[in-house]
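A.B. asks: from the sequence below, what's the structure:
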Amino acid sequence: MVSELSPQNELDQSPASSLMPGYLLAERYRLEEKLGSGAFGQVFAAEDTKLGRRVAIKILRANAANRDPDALARLRQEAEILDAIEHPNIVGVHAVEESPDGLFIVMELLEGKSIDQLLVAQGVAAPARVARAARQLLSALIASHAKGVLHRDLKPENIILVNSQDADAEQAKLLDFGIAKAQDTVYESDDDGVTLVKTRGGGFLGTPRYCAPEIVVGDPAEPSADIFSLGLVLAEWLTGKERINASKQNQALAILLRPEALDVSDCPENWQPWLAKMIAKAPFDRYPSAEVALAEFERLVEPSSADILGAAAALGADSSPDFVSDTADTCVRELPDFEEFKRPAANPPTPQIAAGQSLAPNSPPADISSTFARPPEPAPPEPPAKSTSIASALVATLGSFVLILLLIFLWQNLSG
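C.D. replies: Residues are numbered from 1 along each chain as shown. As a prediction, the model looks like this:
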């Protein structure tokens, strides 16, 4: 549980030089390597010497409170949010503590890589791998939105893939809720001119390459803002291409505010309709909630993969699969492109999903048997009835022939 904390003006941030590997924080947490840092905070791996476990420590920089008076409140808020949600796909928080070194959060230590690290190390991911993570992340958003919490800073750096050496056990974890529920939009850019940092009046941190347009311009944000950001991340992981490809803040904002839709034509074909709606620039053109987005994902994206496999089985395809891998541990079956089987059935049922519930991985459509059931063979046609007109014609012809013979016979007798 999150502990009661002293007023922020009683906290004295430590000099940066003390926060080094080997330092014993709060006489309990021995700092190890630095895992990351941002404009206001640093994250260390550490050993909890009391419980004998490894944890992650997030602590403010020495001058954070001077640069932004709301920094401490924002750190408290992040801890309270994480403590309240408790979801398997959201990083867990163990405690919030204060010491002469300042305020810090003790969180679970995630052994894995972020999506941006995976893109650099491994390149684009197989669609099956992205699909597993998409279901888990949408489930995490369902849980956080049910608590009234918008993440507002979804980006590749804030999604960790745990157990990434085992594709079947891989788990996506959402982290960094430090700017959740922030308000207003007064920004300054950081050194690379891309990350937006709000330094007063609401504590906003954001990255315009992944922010929904309404957040950038300061309009009220709804759950669809997180849906927009997640769609951008998934499209990038599938293709290696950023949808908002800009090196400067004003360039990113210009792309976001143009009326043209963001292009998804380089994404897998069965993903395109779903991703296009995820990253629609107008909020009312997106999925209104993570529940709806997940249901539509299962309807539009997942059935296509299942249909291809079912089609191959129905046609007696070779059971030995050909594999294409983006890593040594992630494989996806490559099969012929059976277009007629990839089309979803008309008016398929939309699954109902409770808040915080994730559908089982690789679950088939609700009625997969009806998708592939062959239609019954048509009954053989009835043999045609004998034509009375043909019989009549034969009788008439025969009668004429007999009459001719009779006339010849009579003529010969008379002339003889």
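A.B. asks: what's the neighbour count on the closest residue to Ala290 other than its chain neighbours?
C.D. replies: Sequence neighbours aside, Leu141 is the residue nearest to Ala290 in space, at 3.9 Å (criterion: CB to CB, 6 or more residues apart in numbering). Glycine gets a C-beta too; all of them are placed from N, C-alpha and C. A total of 29 residues lie near Leu141 under the criterion other CB atoms under 10 Å.
A.B. asks: just checking, Leu141 touches Ala225?
C.D. replies: No. Using CB atoms under 8 Å, Leu141 is not in contact with Ala225; the gap is 10.6 Å.
A.B. asks: Ala128 and Gly240, how far apart?
C.D. replies: 17 Å (CB to CB, to the nearest Å).
A.B. asks: count of neighbours near Leu138?
C.D. replies: So Leu138, with other CB under 10 Å, has 30 neighbours.
A.B. asks: now Trp237
C.D. replies: Using other CB under 10 Å: Trp237 sits among 23 other residues.
A.B. asks: then the one 4 residues further on?
C.D. replies: The burial count assigned to Lys241 is 12, neighbours taken as other CB under 10 Å.
A.B. asks: go on, Ala280?
C.D. replies: 20.
A.B. asks: hmm, it is touching Pro288, no?
C.D. replies: No. Here Ala280 does not reach Pro288: they are 11.4 Å apart, not a contact under CB under 8 Å.
A.B. asks: pretty sure Asp225 sits against Leu150.
C.D. replies: Not quite, residue 225 is Ala, not Asp. Yes. With contacts counted by CB under 8 Å, Ala225 reaches Leu150, the gap being 6.3 Å.
A.B. asks: model confidence over stretch 124-133, on average?
C.D. replies: For stretch 124-133, mean pLDDT is 96.
A.B. asks: that one: which residues count as buried?
C.D. replies: 124-127, 129-133 (16 or more other CB atoms under 10 Å).
A.B. asks: now stretch 154-170
C.D. replies: 154-162, 164, 167, 170.
A.B. asks: tell me which of these fall in helices.
C.D. replies: Among these, no member falls in helices (DSSP state H).
A.B. asks: helix or strand next in line after the strand or helix carrying Phe44, which one?
C.D. replies: Using DSSP states H and E, Phe44 sits in strand 41-48. Toward the C-terminus, strand 41-48 is succeeded by strand 53-60 as the next helix or strand (DSSP H and E).
A.B. asks: just the residues contacting that following strand, thanks.
C.D. replies: 13, 19, 25, 29, 31-32, 35, 40-48, 71-72, 75, 78, 94, 101-110 (CB atoms under 8 Å, 6 or more residues apart in numbering).
A.B. asks: please redo it, this time with the cut-off set to 7 Å
C.D. replies: Residues outside strand 53-60 that contact it (CB atoms under 7 Å, 6 or more residues apart in numbering) are 13, 19, 25, 29, 31, 35, 40-48, 71-72, 75, 94, 102-109.
A.B. asks: what do you get for stretch 86-93?
C.D. replies: 79, 82-83, 105, 107-108, 110, 136-137, 139-140, 143-144, 171-175, 356.
A.B. asks: pull out the buried residues from it.
C.D. replies: 87, 89-93.
A.B. asks: stretch 271-282 too?
C.D. replies: 271-272, 274-281.
A.B. asks: just stretch 257-264 next, same as before
C.D. replies: 262, 264.
A.B. asks: and if you look at stretch 108-122?
C.D. replies: 108-110, 112-116, 118-119, 122.
A.B. asks: so of these, which ones are in strands?
C.D. replies: 108, 112-114 (DSSP state E).
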